[in-house]
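[1] Sequence first, predicted model second:
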Amino acid sequence: MSNDFSFAIKSICFDEDYRPADNTRITTNFANLARGAERQANLRNTFRMINNRFNALAHWDNPKADRYAVELDIVSVEMGIAGQDTAHALPLIEVLKTNIVDHHTGERIEGIVGNNFSSYVRDYDFSVVLLEHTKQQSGFSVPDHFGELHGNLFKRFVASPAYREHFSKPPVICLSVASSKTYHRTGNVHPVLGVEYLQNESSLTDAYFAKMGLAVRYFMPPDSAAPLAFYFSGDLLRDYTNLELISTISTMETFQKIYRPEIYNANSAAGKTYQPSLQNEDYSMTRIVYDREERSRLAVQQGRFAEEHFIKPYRAVLEQWSAACAR
């Protein structure tokens with residue numbers, strides 16, 4: 001069944017003039033910022049934060065802290081199923097691709113693909129399958145085979161000719177740490193990623209991303225308030241250059257300061273033992289408007305969309321294919 005699925009990649013520049021298309025997943029973090037009366041100010045301030053943070057971390061040969069700028073592309077992946085009309089390709093995932101502009105040399109340096117990660121099937125898994133399963137249980141548990149289809153689809157995409165034609169390295173996805181877990185500082189320090197933390201136990205998100213073929217490490221970059229979770233395949237510290245890693249840190253830390261200021265814009269940094277909390281009241285707000293409540297509500301709607309337009313119509317094909325992947 002190796003030829004059952006094919007992938008098409010589309011890319012659009014994410015800048016202060018960006019407007020989400022009608023078919024864009026509104027729960028996508030960058031789409032949320034680009035809507036409403038404050039959209040252009042939101043985007044302008046977001047990119048200012050990203051560039052300032054990049055230059056602060058890439059401080060060598062950069063005395064005025066203005067050498068670099070980050071450019072972002074929204075990468076949308078559509079999946080075609082054999083025998084299906086190509087006009088009805090299914091939206092699968094959206095990620096961000098970073099690129100770095102060196103104003104001193106005029107060079108444009110390729111960054112990392114991944115960063116922000118959004119997926120209709122993940123919305124379906126967490127906002128439909130897991131929610132309905134939990135309602136039927138006396139305590140919390142995870143459904144059988146939870147996340148396996150999504151993980152197999154993601155691995156198939158990363159191994160596809162379409163991915164290799166567009167990107168030279170595997171993806172790195174950067175997320176917030178889990179507020180339900182405790183993190184412990186280690187003695188391992190990377191010059192860019194910062195001090196490494198270890199988690200007391202794996203989270204549901206860790207297990208979900210493991211099925212996508214991704215391991216996780218937690219680092220708190222210099223002058224950050226909290227660790228970030230980096231999901232990757234291969235060797236995070238050796239496979240990517242310092243500038244590539246800085247492009248991810250500056251982008252995703254900025255987003256987290258906007259989305260979770262209680263953690264990432266806290267007025268005090270994580271200590272040796274750290275448990276993130278969205279109830280923390282000692283934090284600073286950015287000047288960027290973000291509707292966190294709307295995003296949570298729409299995740300359910302878009303999970304239902306995936307169920308109606310993807311899972312139900314192709315359930316037999318998908319289950320057969322995913323089961324074959326496990327053998």
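    Noted; the coordinates are in hand. Numbering: from 1, shown residues only.
[2] For the protein, which segments are assigned as strands?
    5-14, 68-81, 90-102, 108-119, 172-176, 183-190, 194-199, 215-220, 228-232, 273-274 (DSSP state E).
[3] Now render those strands as CSV, adding mean neighbour count.
    C-betas here are computed from N, CA, C, even on glycine. Listed next are the strands of the chain as CSV, based on neighbours: other C-beta atoms under 10 Å:
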stretch, mean neighbour count
strand 5-14, 16
strand 68-81, 20
strand 90-102, 21
strand 108-119, 22
strand 172-176, 23
strand 183-190, 15
strand 194-199, 19
strand 215-220, 20
strand 228-232, 23
strand 273-274, 16
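[4] Adding mean pLDDT, write those strands out as a markdown table.
    A markdown table is the format used below for these (pLDDT from 0 to 100):
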| stretch | mean pLDDT |
| --- | --- |
| strand 5-14 | 90 |
| strand 68-81 | 92 |
| strand 90-102 | 93 |
| strand 108-119 | 94 |
| strand 172-176 | 97 |
| strand 183-190 | 98 |
| strand 194-199 | 97 |
| strand 215-220 | 98 |
| strand 228-232 | 98 |
| strand 273-274 | 98 |
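[5] Minimum distance to Arg315: which of these has it?
    Between Arg315 and the strands of the chain, the tightest spacing by C-beta to C-beta is seen for strand 68-81, at 12.1 Å.
[6] Convert that closest one to PDB, retaining C-alpha atoms only.
    Written as PDB, here are the backbone C-alpha positions of strand 68-81 (Å, rounded to 0.1, in the frame of the first residue of the first chain):
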ATOM      1  CA  TYR A  68      19.700  39.200  11.500                       C
ATOM      2  CA  ALA A  69      16.100  39.000  10.600                       C
ATOM      3  CA  VAL A  70      13.800  36.000  10.600                       C
ATOM      4  CA  GLU A  71      11.500  35.300   7.700                       C
ATOM      5  CA  LEU A  72       8.700  32.700   8.100                       C
ATOM      6  CA  ASP A  73       6.800  30.600   5.600                       C
ATOM      7  CA  ILE A  74       3.500  28.800   6.400                       C
ATOM      8  CA  VAL A  75       3.900  25.300   4.900                       C
ATOM      9  CA  SER A  76       0.600  23.500   4.200                       C
ATOM     10  CA  VAL A  77       0.600  19.800   3.500                       C
ATOM     11  CA  GLU A  78      -2.300  18.200   1.500                       C
ATOM     12  CA  MET A  79      -2.700  14.400   1.200                       C
ATOM     13  CA  GLY A  80      -4.100  12.700  -1.800                       C
ATOM     14  CA  ILE A  81      -5.500   9.200  -1.700                       C
END
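[7] before we move on, the earlier item: nearest to Thr286, of the strands of the chain?
    Of all those, strand 172-176 sits nearest to Thr286, with 15.3 Å by C-beta to C-beta.
[8] Enumerate the sheet neighbours of that closest one, specifying parallel or antiparallel for every one.
    strand 108-119 (parallel), strand 228-232 (antiparallel) (DSSP bridges).
[9] Now do that strand and strand 215-220, the angle between them.
    60 degrees (axes from the mean of the first three to the mean of the last three C-alpha atoms, to 10 degrees).
[10] for strand 172-176, the distance to its chain's centre please.
    Distance of strand 172-176 from the chain centroid (C-alpha atoms, centre = their mean, to the nearest Å) equals 5 Å.
[11] And the contacts of that strand?
    The contact list for strand 172-176, computed with C-beta atoms under 8 Å, 6 or more residues apart in numbering, reads 95, 112-117, 205, 209, 214, 228-232, 236, 240, 248-249, 251-252, 256, 259-260, 263-264, 276.
[12] rewinding a little: adding distance to Ser160 as columns, could you present the strands of the chain in JSON lines?
    Converted to JSON lines, the strands of the chain look like this (distance: least, C-beta to C-beta, whole Å):
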{"stretch": "strand 5-14", "distance to Ser160": "5"}
{"stretch": "strand 68-81", "distance to Ser160": "9"}
{"stretch": "strand 90-102", "distance to Ser160": "11"}
{"stretch": "strand 108-119", "distance to Ser160": "13"}
{"stretch": "strand 172-176", "distance to Ser160": "17"}
{"stretch": "strand 183-190", "distance to Ser160": "31"}
{"stretch": "strand 194-199", "distance to Ser160": "31"}
{"stretch": "strand 215-220", "distance to Ser160": "21"}
{"stretch": "strand 228-232", "distance to Ser160": "18"}
{"stretch": "strand 273-274", "distance to Ser160": "38"}
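[13] Which one of these lies nearest to His150?
    Judging those by C-beta to C-beta, what sits closest to His150 is strand 108-119, at 6.7 Å.
[14] Tell me which of the strands of the chain approaches Ala324 most closely.
    That would be, of the strands of the chain and by C-beta to C-beta, strand 5-14, which comes in at 12.1 Å.
[15] residue contacts, the nearest residue to Gly234 once chain neighbours are set aside?
    Spatial nearest neighbour of Gly234, chain neighbours left out: Pro170 (5.7 Å); criterion: C-beta to C-beta, 6 or more residues apart in numbering. The neighbourhood of Pro170, defined by C-beta under 8 Å, 6+ apart, consists of Val158, Phe232, Ser233, Gly234, Asp239.
[16] Thanks a lot, catch you later.
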